[in-house]
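Participant: Pasting a predicted model and its sequence here:
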Amino acid sequence: MNPLRACHAVLAAVWLGIALFLPSSPADAASDADTCLMCHGDKDAKGSGGNAIAVDGEAFAHSVHGEVQIGCTGCHTDVNPAKLPHPEKLKPVQCANCHADAAKAYAVSVHSKARRGGNDVAAGCTNCHGKHDIKKASNPASRTNHANIEATCGQCHGNDTVVLKAHLPGGNIVSQFHDSIHGKALKGAAQASAPTCSNCHGAHSIREKANPESRTNRANIPDTCGGCHQPVQAAFNAGQHGKLHQGGNLAAPVCSDCHTAHGIQQRETPGFVTGVVNECGTCHQEYLSTYRDTFHGQVTALGYAQAATCASCHGAHQILPASDPASRVSVANRIATCQTCHPRATANFVSFDPHANVHDRTRNPLYWWAAKFMEWLLIGVFGFFGIHTILWLGRELYDRFGPRK
């Protein structure tokens with residue numbers, strides 16, 4: 001006889017005997033754990049197909065289910081301890097029987113949709129919470145504890161093999177997050193307040209970013225980031241970009257356009273200071289081109305972070321048009337803005353055009369004519385000396401290889 005079936009038969013007899021002589025009580029629901037662990041508590045226990053069926057009894061006892069005395073049959077409802085052995089293949093556990101709200105939220109998530117579409121790699125309840133060792137999120141050892149969520153999500157989104165197999169968007173995003181300012185804060189003194197995956201994406205109802213209800217949908221990103229950065233959100237909303245966004249113009253830039261989504265860096269980092277200029281150029285291409293022609297633009301292109309960038313003059317979040325009296329580049333505020341770097345700046349100093357365009361005659365005619373003069377001067381110089389060199393070469397060849405007198 002199969003040893004496991006023999007064990008089940010003995011346990012069934014014991015259970016039946018206890019059930020006949022003891023009155024039922026709420027504790028009876030939990031007592032089945034001891035019965036099940038007589039077989040499943042063996043760390044080497046295997047089913048008839050060779051699959052491991054062992055359960056760590058100690059881990060279960062200290063789990064959230066074990067602490068509230070929910071026994072095995074509370075989840076495995078098709079098992080009757082009085083009728084052992086139970087079937088080899090049991091029905092899938094339905095967490096929704098107890099956790100209806102969480103299950104309802106999960107049902108609309110991108111993970112649930114992927115599983116229903118046949119993607120068995122997509123995360124289910126046990127992938128995030130565990131099986132027999134589930135702990136409360138407040139427990140530091142819990143997979144869903146704030147400090148551990150990065151590692152939990154990283155089982156899929158930080159695993160290159162899973163990323164390729166499941167075609168996960170964004171690639172290995174956990175490695176990007178790990179090196180970001182948020183990821184570094186999670187390992188420091190600000191761990192409790194630093195955001196992790198669930199702060200931005202949610203916990204159970206994670207939706208794809210194309211979904212209007214997603215927390216990471218373009219329309220919702222300012223509010224999502226504003227959950228932690230309230231003063232910055234207020235400044236953004238008061239600026240031109242924020243006003244366009246609130247007016248329904250989703251092409252207007254939001255937080256992730258400048259800071260990225262997962263690899264967010266400290267704003268004082270030289271790489272971010274000089275690199276964010278290119279992000280401004282994705283919308284303001286002409287201004288980026290003319291900025292690059294200036295001293296400021298050329299040295300920042302070389303990686304020098306001390307020179308003025310777009311944010312140095314226009315501001316970072318509350319960016320306003322020059323026609324707005326509150327703008328940093330308005331006529332009234334321009335001197336003060338330049339004096340942040342050039343303390344001796346005067347009205348004559350700030351008359352310098354930081355976006356002078358050599359191709360726009362109407363913006364600055366003198367600059368346009370000077371550029372044309374330099375172009376023709378270069379053409380004339382190179383043309384003259386080019387012709388001179390060709391004639392000189394002809395004469396040299398004639399003297400060397402021509403007929404002698």
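Facilitator: All right, it came through fine.
Participant: isn't Cys228 right next to Thr196, touching?
Facilitator: No. The pair Cys228 / Thr196 is not scored as a contact, 11.3 Å apart, by CB atoms under 8 Å. Using the backbone N, CA and C atoms, a C-beta is placed for each residue, glycine as well.
Participant: of the two, who's got more company?
Facilitator: For Cys228 versus Thr196, neighbours defined as other CB atoms under 10 Å are more numerous around Thr196 (21 against 14).
Participant: Helix, strand or coil: sort out the nearest residue to Arg215 once chain neighbours are set aside for me.
Facilitator: Leaving aside its chain neighbours, Arg215 sits nearest to Thr224 (4.8 Å; criterion: CB to CB, 6 or more residues apart in numbering). Three-state assignment for Thr224 (DSSP: H, G, I helix; E, B strand; the rest coil): helix.
Participant: Please name the residues that touch Thr224.
Facilitator: 200, 215-216 (CB atoms under 8 Å, 6 or more residues apart in numbering).
Participant: Okay, and which of those map to helices?
Facilitator: Cys200 (DSSP state H).
Participant: what would the contacts of Thr224 look like in JSON lines with pLDDT?
Facilitator: Compiled in JSON lines, the contacts of Thr224 are given as follows (pLDDT from 0 to 100):
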{"residue": "Cys200", "pLDDT": "95"}
{"residue": "Arg215", "pLDDT": "95"}
{"residue": "Thr216", "pLDDT": "95"}
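Participant: Looking at the contacts of Thr224, which is nearest Gly130?
Facilitator: Gly130 has its nearest neighbour among these in Cys200, at 23.1 Å by CB to CB.
Participant: you'd agree the closest one is up against Ser214?
Facilitator: No. Assessed by CB under 8 Å, Cys200 is found out of contact with Ser214, at 10.1 Å.
Participant: Relative to Phe352, how far out is the closest residue in space to Gln339 that isn't next to it in sequence?
Facilitator: Excluding the flanking residues, the one nearest Gln339 by CB to CB, 6+ apart is Ala345, at 4.8 Å. Ala345 is 10 Å from Phe352, where distance means CB to CB, to the nearest Å.
Participant: neighbour count winner among these two?
Facilitator: Neighbours were counted for Ala345 and for Phe352 using other CB under 10 Å; Ala345 has more, 17 against 10.
Participant: Could you say which helix or strand holds the more buried one?
Facilitator: Assigned by DSSP states H and E, Ala345 belongs to neither a helix nor a strand.
Participant: Ok, Asp399 next?
Facilitator: Per DSSP H and E, Asp399 falls inside helix 365-401.
Participant: Can you give me the buried ones in that helix?
Facilitator: 368, 371 (16 or more other CB atoms under 10 Å).
Participant: Quick check: mean pLDDT of it?
Facilitator: Mean per-residue pLDDT for helix 365-401: 92.
Participant: count of neighbours near Leu37?
Facilitator: Neighbour count for Leu37, taken as other CB under 10 Å: 19.
Participant: Are we agreed that it is in a helix?
Facilitator: Yes. Counting by three-state DSSP, one finds Leu37 located in a helix.
Participant: Please report how far it lies from Ala54.
Facilitator: According to CB to CB, Leu37 stands 10 Å off from Ala54.
Participant: The residue nearest to Leu186 when sequence neighbours are not counted: what's it in contact with?
Facilitator: Nearest residue to Leu186, sequence neighbours excluded (CB to CB, 6+ apart): Ala194, at 4.7 Å. Ala194 sits next to 182, 185-186, 188 when contact means CB under 8 Å, 6+ apart.
Participant: would CSV of those residues with pLDDT, secondary structure and neighbour count be doable?
Facilitator: Formatted as CSV, the entries for the contacts of Ala194 read as follows, by pLDDT from 0 to 100; DSSP: H, G, I helix; E, B strand; the rest coil; neighbours: other CB atoms under 10 Å:
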residue, pLDDT, secondary structure, neighbour count
His182, 95, helix, 21
Ala185, 93, helix, 16
Leu186, 92, coil, 21
Gly188, 86, coil, 8
